[in-house]
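[1] Fold the following for me, if possible:
(chains A and B)
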Number of protein chains: 2
Amino acid sequence: MFSPHPVGHVRSPYTSTQQIPKGLGAKHDAEGILEILSQFEAGLKDIEGFSHIVVIWVFDRVEGFELLGTPPCDNRQHGVFATRSPRRPNPIGLTTVELVRREGLSLHVRGVDMLDGTPILDLKPYLSNIPAERLRRGWLDEAVARQEK
Amino acid sequence: MFSPHPVGHVRSPYTSTQQIPKGLGAKHDAEGILEILSQFEAGLKDIEGFSHIVVIWVFDRVEGFELLGTPPCDNRQHGVFATRSPRRPNPIGLTTVELVRREGLSLHVRGVDMLDGTPILDLKPYLSNIPAERLRRGWLDEAVARQEK
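    Here you go, the predicted structure:
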């Protein structure tokens, strides 16, 4: 395997998990900054051409994991791999953000759901999507349907 | 940080990187199996309700990284964070696959682009997409346009 090391950190308005919108219909439009470490600056060349970026990051304030959990938007247990729970076997988070602008080592983005200071492991360009009509979302769609009743 | 450990491995038709479709218009419809380790079985509960899964994995046969590289689909250099190059500061790969069916610990999927035996770090449900009309893809769209001329 490998030893993860940060390539940068997230500047976010959230300093505690309670502040982060959760559950069904939660809007993620908070603005933040991805501050990349100077030794990785060359790796950002041409990133400003992409409207959206996938951020791979670390749940650095979580200890341990649970294979079954009850998400905030449901009252039933689901497997960790069928949820976005932070308590995962490898504490890796994934967020797609909109790139608003780049200023040198600072990527100003919209849609952060990480805590302030979160270590970033990788950035990748968002290249393509799965058309909405092909998506099925299992328990999540069921929870939405129950809520709408 | 944390010490990454596999939660499973990919069974794929690809045993060398030369076999993996690359470049503009490459189709990723190869079928494969995500074999999850038995100690993580409970974490799969309800995953079969999702049509698509995001797989986070390790480029375990890559040594070192390059901040600038020339992708197979272009003749210009781009920063590693603006490409899907395997030679990354943290050797983490990301692939969205279609879940065809689950058989116990085996997830039969379509759209693998990993080598056979690749360690899996995490699975997450694919929940939502960025509408195509909102996507800009910088150098990649420029390379497509040049090729179409």
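[2] residue ranges for the strands of chain A, please.
    A:8-11, A:31-36, A:52-58, A:68-69, A:78-79, A:92-103, A:106-110, A:119-125 (DSSP state E).
[3] between the last one and strand A:92-103, how big is the angle?
    With axes from the mean of the first three to the mean of the last three C-alpha atoms, to 10 degrees applied, the angle from strand A:119-125 to strand A:92-103 works out at 70 degrees.
[4] Give the pairing partners of strand A:119-125; include direction for each.
    strand A:8-11 (antiparallel), strand A:52-58 (antiparallel) (DSSP bridges).
[5] which residue is nearest the centroid of chain A?
    Closest residue to the average C-alpha location of chain A: A:Thr95 at 2.4 Å, with C-alpha atoms, centre = their mean.
[6] What sits closest to that one if chain neighbours are left out?
    Excluding the flanking residues, the one nearest A:Thr95 by C-beta to C-beta, 6 or more residues apart in numbering or on different chains is A:Val55, at 4.9 Å. Bear in mind the C-beta positions are built from the backbone N, C-alpha and C, glycine included.
[7] what do you get for A:Gly93?
    The spatial neighbour of A:Gly93 that comes closest, neighbours along the chain excluded (C-beta to C-beta, 6+ apart), is A:Trp57 at 4.7 Å.
[8] re the thing from before, export the strands of chain A as CSV, with columns for mean pLDDT.
    What follows is the strands of chain A, written out as CSV (pLDDT from 0 to 100):
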stretch, mean pLDDT
strand A:8-11, 98
strand A:31-36, 98
strand A:52-58, 97
strand A:68-69, 94
strand A:78-79, 96
strand A:92-103, 96
strand A:106-110, 98
strand A:119-125, 97
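[9] and A:Val80, how many neighbours?
    26 (other C-beta atoms under 10 Å in any protein chain shown).
[10] which ones are touching it?
    A:Phe65, A:Glu66, A:Leu67, A:Leu68, A:Gly69, A:Arg87, A:Arg88, A:Pro89, B:Gly43 (C-beta atoms under 8 Å, 6 or more residues apart in numbering or on different chains).
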